[in-house]
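# Below is the structure, and that's it, no one-letter string:
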């Protein structure tokens with residue numbers, strides 16, 4: 001499931017960027033929900049809010065590290081007895097998004113990332129983003145929720161419990177999403 005989700009997130013990101021480049025230009029504003037959400041083509045040389053401009057190869061390095069770390073982290077979870085499907089889903093979204101933006105940084109002119117989703121409300125504007133950014137954000141949110149809400153949590157025995165008794169709170173079998 002992990003690799004399937006990562007590949008699907010990556011392909012959705014790249015296909016949506018190609019569509020944005022084919023049908024939009026830098027002056028295009030396509031309202032989807034007037035006053036809240038529009039399509040608007042931007043070329044981002046940094047991260048959100050165009051922070052860290054000039055950090056092209058740093059971000060490529062972070063993505064390469066994710067390509068090594070995330071599968072290893074998932075393998076460790078499984079070896080540790082964690083078999084809930086939410087982890088491969090979340091980690092696959094993060095990896096697919098990271099690879100989508102890394103491809104832009106490696107092969108697009110000046111390492112720009114293609115962004116085209118724009119959420120705003122009145123004078124308040126959220127940074128323009130893309131499918132990869134969404135996959136990373138959703139994946140990270142799901143992962144954090146899963147880490148706090150799911151999984152086997154062994155707690156040390158209390159004084160009232162015997163040494164042979166375990167205190168398991170929230171086993172995977174008891175908490176299914």
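Sure thing, it's come through. In this text the structure is predicted, and so the values were computed from the model without any measurement.

# How about residue 146, nearest residue that isn't a chain neighbour?
residue 86 (4.7 Å; Cβ to Cβ, 6 or more residues apart in numbering). (Glycine included, C-beta is placed from N, CA and C.)

# What helices and strands are in contact with the top helix by length along the chain?
In the chain, with assignment by DSSP state H, the single longest helix is helix 56-79. With contacts defined as 3 or more Cβ pairs under 8 Å, 6 or more residues apart in numbering; DSSP states H and E, helix 56-79 has these neighbours: helix 86-107.

# After the helix it packs on, which helix or strand is next? Please name it.
strand 113-121 (DSSP states H and E).

# Show me how far stretch 101-112 is from its chain's centre.
When C-alpha coordinates are averaged (Cα atoms, centre = their mean, to the nearest Å), stretch 101-112 and its chain have centres 18 Å apart.

# any idea whether residue 140 is helix, strand or coil?
Following DSSP: H, G, I helix; E, B strand; the rest coil, residue 140 is assigned to helix.

# how much space between it and residue 31?
29 Å (Cβ to Cβ, to the nearest Å).
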